[in-house]
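Engineer: from the sequence below, what's the structure:
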Amino acid sequence: MKDTKYIVYEDENTGIEEMIIFAQTMQHYDVAHQLGVVDIVRGAGFVRIGINRKGMIAEAYGKSISLNIPSREDKDTLILHRVLGFI
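Structural biologist: All right, here's what the predicted structure looks like:
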């Protein structure tokens with residue numbers, strides 16, 4: 001399994017929480033800053049996507065050090081599943 005990073009922010013127009021997934025080489029703060037969402041990030045951390053005996057798995061976990069914002073593990077995992085089309 002390969003881990004990547006993510007941020008979840010609340011879209012100011014729709015109120016919907018959106019997830020951006022990006023490479024581990026990038027900093028959470030830099031991505032949020034480039035998108036102009038630093039002040040509206042709700043969750044941040046790492047994404048693990050892989051395959052096990054049960055099939056595809058995907059989970060959000062951890063914390064962004066550069067933003068000092070933790071993953072909301074269960075809630076962010078549900079958003080990840082929506083983004084990936086699992087639900």
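Engineer: when you work out contacts or count neighbours from here on, use the C-alpha atoms and nothing else.
Structural biologist: Noted.
Engineer: leaving out chain neighbours, which residue sits closest to the most centrally placed residue in the chain?
Structural biologist: In the chain, the residue lying closest to the centroid (CA atoms, centre = their mean) is residue 6, at 3.1 Å. In space, residue 6 comes closest to residue 21 once its chain neighbours are excluded; the distance is 4.4 Å by CA to CA, 6 or more residues apart in numbering.
Engineer: just the C-alphas of the top strand by length along the chain, formatted as CSV.
Structural biologist: Counting by DSSP state E, the longest strand found in the chain is strand 41-52. Extracted in CSV, the C-alpha atoms of strand 41-52 (Å, rounded to 0.1, in the frame of the first residue of the first chain):
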residue,chain,number,x,y,z
VAL,A,41,-9.4,23.2,6.3
ARG,A,42,-11.5,20.8,8.5
GLY,A,43,-9.3,17.7,8.4
ALA,A,44,-5.8,16.8,7.2
GLY,A,45,-3.5,13.8,7.3
PHE,A,46,-2.7,10.7,5.3
VAL,A,47,-4.6,8.4,3.0
ARG,A,48,-3.9,4.7,2.7
ILE,A,49,-5.4,3.0,-0.4
GLY,A,50,-4.7,-0.7,-1.2
ILE,A,51,-6.1,-4.1,-1.6
ASN,A,52,-6.4,-6.9,0.9
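Engineer: quick one: the residue lying farthest from the centre of the chain from residue 25, how far?
Structural biologist: Distance from the C-alpha centroid of the chain peaks at residue 53, with 24.3 Å (CA atoms, centre = their mean). Computed as CA to CA, to the nearest Å, the residue 53 to residue 25 distance reads 29 Å.
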